[in-house]
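Student: With the input below, show me the fold.
(2 chains)
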Amino acid sequence: DVKVTQSSRYLVKRTGEKVFLECVQDMDHENMFWYRQDPGLGLRLIYFSYDVKMKEKGDIPEGYSVSREKKERFSLILESASTNQTSMYLCASSFSQNQPQHFGDGTRLSIL
Amino acid sequence: AQKVTQAQTEISVVEKEDVTLDCVYETRDTTYYLFWYKQPPSGELVFLIRRNSFDEQNEISGRYSWNFQKSTSSFNFTITASQVVDSAVYFCALIDGAGGTSYGKLTFGQGTILTVHP
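Tutor: Coordinates of the predicted model:
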């Protein structure tokens, strides 16, 4: 089974802090994705990566950056956290672009 | 542009009832891929099924079945003899745009909240 592991289930940070969310997959997948999920807005793609050191903006990249130094790890960075970034963050990976994305358990991030 | 519509925001049934979750999609492409995911209260998204646009054969997996009809651009999901453990949010999703910049990006519907009462 594919295992996608997110570093924290719950996280509380303060406004202005730099926040790192880590995601690791164990299936040698090429593609990795970061989403946020908010009530009434559904799932929205923040950034994705189809290869090591490669990144592409999704639908809502503002205020975020990503890093993919190794194939199995994809990090989401909130450069200066703001309260409107309080959300559920979901990481996913897939073997190829038309294959299912497999998701981690999610990180509920609260910015105070 | 691609779009996925799940018109049913919430459905409530009693255990052992059958329930169908509707999904209608829009795409200009002839090659595309459809998915269903389940999100239980614990929060993780669980992959259920993938269908490509060239395979209209219906699929059954235990109590779950899927009906794909290209003529109506629908990919509906039926749970037979529902159980309390089926309570979750269910998402239909689409990948299209093979070879383009959007290829590989999932377009999700808004989700249907299913509650199964004992």
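
Student: Just give me the residue right at the centre of chain A.
Tutor: A centroid search over chain A (C-alpha atoms, centre = their mean) returns A:W34, at 3.0 Å, as the residue closest to the centre.

Student: these two touch, right, that residue and A:L90?
Tutor: Yes. Between A:W34 and A:L90 a contact is recorded at 7.5 Å, counting by C-beta atoms under 8 Å. Glycine gets a C-beta too; all of them are placed from N, C-alpha and C.

Student: Could you find the closest non-adjacent residue to the residue of chain B found nearest chain A?
Tutor: Nearest to chain A in chain B, going by C-beta to the nearest C-beta, is B:G104, at a distance of 3.1 Å. Excluding its sequence neighbours, the residue lying closest to B:G104 (C-beta to C-beta, 6 or more residues apart in numbering or on different chains) is A:Q97, at 3.1 Å.

Student: and if you look at A:F103?
Tutor: Leaving aside its sequence neighbours, A:F103 sits nearest to B:L45 (C-beta to C-beta, 6+ apart; 4.0 Å).

Student: List the residues that contact that neighbour.
Tutor: Shown in contact with B:L45 (C-beta atoms under 8 Å, 6 or more residues apart in numbering or on different chains): A:L90, A:A92, A:F103, A:G106, B:Y37, B:K38, B:Q39, B:F91.

Student: want to throw these into TSV with neighbour count?
Tutor: Supplementary listing: the contacts of B:L45 in TSV, determined by neighbours: other C-beta atoms under 10 Å in any protein chain shown:
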residue	neighbour count
A:L90	25
A:A92	26
A:F103	24
A:G106	23
B:Y37	24
B:K38	18
B:Q39	20
B:F91	24
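
Student: burial measure for residue 78, as a count.
Tutor: Picking chain A for this. Using other C-beta atoms under 10 Å in any protein chain shown, A:L78 has 19 other residues around it.

Student: actually it's chain B I care about, not the one you picked
Tutor: For B:T78, the neighbour count with other C-beta under 10 Å is 16.

Student: Quick check: beta-bridge partners of it?
Tutor: Beta-bridge pairing for B:T78 (DSSP bridges): B:T20, B:S65.

Student: so it sits right up against B:N67, yeah?
Tutor: Yes. Counting by C-beta under 8 Å, B:N67 is a contact partner of B:T78 at 7.0 Å.

Student: quick one on the thing from earlier: beta partners of the residue nearest to the centre of chain A?
Tutor: With DSSP bridges as the rule, A:W34 is bridged to A:Y47, A:C91.

Student: swap in the one 4 residues further on?
Tutor: Beta-bridge partners of A:D38, counted by DSSP bridges, are A:G42.
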